[in-house]
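*Asks:* sequence? don't have it. structure:
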Ligand code: SAH
């Protein structure tokens, strides 16, 4: 089997650079591309990135890339790849995804079928199986993905399994949760450091608070789940266990954090508590039922992150206008606090009553949203 792979981390549009930074923080060189980040590495890198990347969606192995303007070219291109280095005899290998964009080949089911045929034929040759007899697929699963962009085929194997945003701590989600990896990316984009207070005044199921606490304590986001590649027979289980043990040793459970989540809805606070407990952070995060209009604090230099209701999702338009206006009035006295507010409302700033220093376009699932960034005034902390 191979020692080094071409790898990609996939990420939602707008947060590729955050994922790039996370990969570099692991000591791995990478190139940030549109929607994906490319890097090279062995099983250790696959394990580290799956375990540690907070903002990415998936880690995939790129088996090969070639030009494919016809089914014949697609078949020959897939057949020529070194499948013997990935798929043992007995492997399950569904072509789980085919995506065609701006390409001559545009019928995705046919692209899927041709790819499957070519891999089957190659494995029959490698493992000396008779043609015409179907291959047994009762072993570990390798999900193969084909993407055609401007007639260039990229063939990948997913290493992750269920997407990285599924950390394993969310027992319940409530009405409109933000994805865990998007929440982590927003915390990383904010100017929060573990020594500053953080408040999510519309915390819902508690995602921002839980992600911030995991960042603050340096807890690997994947510690509580497993990944598809761990079931592959050629993966060195001791090596993966070492990466997991190192992650455990790096967590700092003693650090003092000041993280609070509030929500008007007592049921959401119950849900947030359950999720925080499941993440092992029940004693770390303060959660209380409160209207954001009642938020007051004497603390300084904090960060507010909020994903308030939007018109489309949870409230009618009029109620949203009033809420955003009251939000502006409530947050205004907190001059040294930075505020990061995620909403799809394009007129947010006029309702809130203040213009953001920076606006960043993101996607919450398929919904286009903006992260409105307001920076707190800098003050020196009184050290007397
Ligand atoms: N980010 C959250 C989802 C937030 S949805 C998550 O990941 O789960 C918006 C939340 O704002 C809802 O839970 C709703 O109950 C809460 N909310 C609505 N009006 C509020 C108000 N006036 N004060 C505090 N919370 C409010």
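*Replies:* Nice, thanks for sending it over. What you are looking at is a predicted structure, and each value in this text was computed from that prediction instead of being measured. Residues are numbered from 1 along each chain as shown.
*Asks:* Okay, and the residue of the stretch 51-200 of the chain found nearest the ligand sits in which element?
*Replies:* Nearest to the ligand in the stretch 51-200 of the chain, going by C-beta to the nearest ligand atom, is residue 177, at a distance of 3.6 Å. In short, each C-beta sits where N, CA and C put it, glycine included. Residue 177 is located outside every helix and strand, with elements delineated by DSSP states H and E.
*Asks:* burial of it, as a residue count?
*Replies:* If you count neighbours by other C-beta atoms under 10 Å, residue 177 ends up with 21.
*Asks:* ditto for the one 5 residues further on
*Replies:* As a burial measure, residue 182 scores 29 neighbours (other C-beta under 10 Å).
*Asks:* how would you label it: helix, strand or coil?
*Replies:* Judged by DSSP: H, G, I helix; E, B strand; the rest coil, the three-state class of residue 182 is helix.
*Asks:* I'd assumed residue 14 was in contact with it.
*Replies:* No - in this structure, residue 182 is not within contact of residue 14 by C-beta atoms under 8 Å, at 9.3 Å.
*Asks:* For the stretch 51-200 of the chain, just list every one of the strands.
*Replies:* 58-67, 95-101, 144-149, 152-158, 198-200 (DSSP state E, counting those that start in this stretch).
*Asks:* List, one by one, the residues from the stretch 101-250 of the chain near the ligand.
*Replies:* 174, 176-178, 201-202, 204-205, 207 (C-beta under 6 Å from any ligand atom).
*Asks:* Among the residues you listed, name the buried ones.
*Replies:* Under a neighbour-count criterion of 16 or more other C-beta atoms under 10 Å, the subset of those counted as buried comprises 174, 176-178, 201-202, 204-205, 207.
*Asks:* ok, for residue 292, nearest residue in space, not its chain neighbours?
*Replies:* Closest residue to residue 292 apart from its sequence neighbours, by C-beta to C-beta, 6 or more residues apart in numbering: residue 201 at 3.9 Å.
*Asks:* residues touching that neighbour, list them.
*Replies:* The neighbourhood of residue 201, defined by C-beta atoms under 8 Å, 6 or more residues apart in numbering, consists of 262-263, 290, 292, 295, 304, 306.
*Asks:* out of these, which is most surrounded?
*Replies:* Highest neighbour count within the contacts of residue 201: residue 304, with 27 neighbours (other C-beta under 10 Å).
*Asks:* so is that one in a helix, a strand, or just coil?
*Replies:* Bear in mind the rule, three-state DSSP; under it residue 304 is strand.
*Asks:* Roughly how far does the closest residue to it other than its chain neighbours sit from residue 85?
*Replies:* Once its chain neighbours are removed from consideration, residue 304 has its nearest residue in residue 339; the separation is 4.5 Å (C-beta to C-beta, 6+ apart). When C-beta to C-beta, to the nearest Å is applied, the distance between residue 339 and residue 85 equals 50 Å.
*Asks:* same thing with residue 367?
*Replies:* Taken as C-beta to C-beta, the span from residue 367 to residue 85 is 40 Å.
*Asks:* same check, this time on residue 227
*Replies:* As judged by C-beta to C-beta, residue 227 and residue 85 stand 19 Å apart.
*Asks:* These two: which is more packed in?
*Replies:* residue 227 (23 against 12).
*Asks:* which phi and psi does the residue lying closest to that one once chain neighbours are set aside have?
*Replies:* Distance criterion C-beta to C-beta, 6+ apart; nearest residue to residue 227, sequence neighbours excluded, is residue 50 at 4.7 Å. For residue 50, the backbone dihedrals (degrees, to the nearest 10) come out as phi -60, psi -40.
*Asks:* can you offset everything so residue one is 33?
*Replies:* Understood, numbering begins at 33; the last thing we discussed is residue 82.
*Asks:* Residue 82 - how many residues pack around it?
*Replies:* Residues near residue 82, counting by other C-beta under 10 Å: 27.
*Asks:* Now do it, the pLDDT please.
*Replies:* The predicted local distance difference test score for residue 82 is 98.
*Asks:* With residue 270 instead?
*Replies:* The predicted local confidence for residue 270 is 97.
*Asks:* now do residue 347
*Replies:* Residue-level confidence at residue 347 comes out at 60, pLDDT.
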